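Student: quick check, what structure comes out for this input:
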Amino acid sequence: MKVLNYYISIICGLLASTLLFADDITISAQLDTNQMRIGEQQNISLSIEYNSDKTLVLPDFGKELSHNILVVDTFSFQSTDNKDKSIRKAKLPITCFDAGEYSFEIGPFIYGNDTVWSSPVQLSVQTVALDTTGVIKPIKPIRVPEYSFKDYLPKILTVVAIILVLALIAFVIWYVLKHKKPKFLPKKAVAKEKADIKALRELEQLKSQNLCEKDEYKNYYTILTDILREYFGDVLSIDTFEKTSDEIIQEVVASGKVPLSVIQNLQMILKEADFVKFAKHKPTVETGNLHYGLSLFCINESKHLITNEEDETESPNA
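Tutor: Next up is the predicted model:
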């Protein structure tokens, strides 16, 4: 009789270790094995059976199910609903990295107005036995791989191909640039300013400088005679800048086109300019203004020659 009671106590204890009855809910938690080594993984098979007319709220399982008992992966509950009963099942993957004897409960489950836990689960975590009988050998050095020419050949061919492509591109660019015919855009014809208009404009600019009032007579007469030299050189098509004043007068007279009054005034201006530039003669402001007026007279009285020259130039093409 005593033996029978003993076995009954053992069976009841085993059932109490995995089952907890709270009214009409049953929570079963069972390990794959009660013993494991550090770092190994196994599952806890969790099953909850309860009445369908009550609400069950599952625990918020985090990374740590209990102290040192870690949940290593995600899991989900599978549901089976009958007419009166509902069943929730899941497998919780766990591991442990500290050796020792563990007893823990899974929960809390909120069932109606009650808080329910599973009964304690027993787990023994053992260390990995080390083999101390063997001889510890030194660590072997890192083995350096041996390369042959065939190993480098693809890289060499790639570099050679890139060099050839770049050389071909450079040659094409050089060839195109060398044999490309330059495009010459036609220059727009620039209307040449008429000799009399240019001379009158330059005389006006000379007058605005007030060189005589500044006592700069040499500079004044140099500019004045250069304007007249260029003007008569253009009108008569003669070189006036490489000749003396007397040679210019001879060329003007020889042309037979310039009125006598223009020749006399031009001779007077050039003679006065030679005195100022070479004999250090100092005229008056009135004299400078007089020669300015005579220069205007010479241009205005001879500008008809420009029109005649243009007509003679255009007549052969008419």
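
Student: tell me which helix or strand the residue nearest to the spatial centre of the chain sits in.
Tutor: Ranked by distance to the mean C-alpha position of the chain (CA atoms, centre = their mean), the top residue is Leu166 at 24.8 Å. Under the criterion DSSP states H and E, the helix or strand holding Leu166 is helix 149-179.

Student: now do Val125
Tutor: In the assignment (DSSP H and E), Val125 maps to strand 121-126.

Student: in that strand, what's buried?
Tutor: Under the neighbour-count criterion of 16 or more other CB atoms under 10 Å, strand 121-126 has Val121, Leu123, Val125 buried. Placement of C-beta: from N, CA and C, glycine included.

Student: report the residue ranges of every domain in this structure.
Tutor: Split into domains by automatic domain parsing, the chain comes to 2-126, 195-310.

Student: just give me the lowest mean pLDDT stretch among these.
Tutor: When the domains of the chain are compared on mean pLDDT, domain 2-126 scores lowest, with a mean of 81.

Student: quick one, strands of the stretch 1-150 of the chain?
Tutor: Per DSSP state E, counting those that start in this stretch, the stretch 1-150 of the chain carries strands over the ranges 19-22, 25-31, 35-37, 41-51, 56-57, 64-66, 69-71, 78-81, 85-95, 100-104, 109-111, 114-116, 121-126.

Student: pipe these into CSV and attach distance to Leu211 per row.
Tutor: Conversion of the strands of the stretch 1-150 of the chain to CSV gives the following (distance: least, CB to CB, whole Å):
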stretch, distance to Leu211
strand 19-22, 125
strand 25-31, 120
strand 35-37, 116
strand 41-51, 110
strand 56-57, 112
strand 64-66, 106
strand 69-71, 106
strand 78-81, 114
strand 85-95, 109
strand 100-104, 116
strand 109-111, 114
strand 114-116, 117
strand 121-126, 116
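
Student: quick one: the helix or strand hosting Gln205 to chain centroid distance?
Tutor: In this assignment (DSSP H and E), Gln205 forms part of helix 195-208. Chain-centre distance of helix 195-208: 57 Å, with CA atoms, centre = their mean, to the nearest Å.

Student: next structured bit after that helix?
Tutor: On the C-terminal side of helix 195-208, the nearest following helix or strand under DSSP H and E is helix 217-236.

Student: buried residues, that following helix. List them.
Tutor: Taking 16+ other CB under 10 Å as the basis for neighbour counts, the residues of helix 217-236 that come out buried are 217-221, 223-225, 227-236.

Student: with stretch 53-69 instead?
Tutor: By neighbour count, with 16+ other CB under 10 Å as the criterion, the buried positions of stretch 53-69 are Leu56, Leu65, Ser66, Asn68, Ile69.

Student: picking up where we left off before, for the residue nearest to the centre of the chain, what are its contacts?
Tutor: With contact set as CB atoms under 8 Å, 6 or more residues apart in numbering, Leu166 has no partners.

Student: still on that earlier bit, what comes into contact with the strand holding Val125?
Tutor: Outside strand 121-126, the residues that touch it by CB under 8 Å, 6+ apart are 17-18, 29-31, 34-38, 44, 68-69, 96, 98-106.

Student: roughly how far does Lys198 sit from Ala99?
Tutor: Distance check for Lys198 against Ala99: by CB to CB, to the nearest Å, it reads 113 Å.

Student: likewise for Lys194?
Tutor: Between Lys194 and Ala99 the computed distance is 116 Å (CB to CB).

Student: now do Glu286
Tutor: Distance of Glu286 to Ala99, computed by CB to CB: 129 Å.
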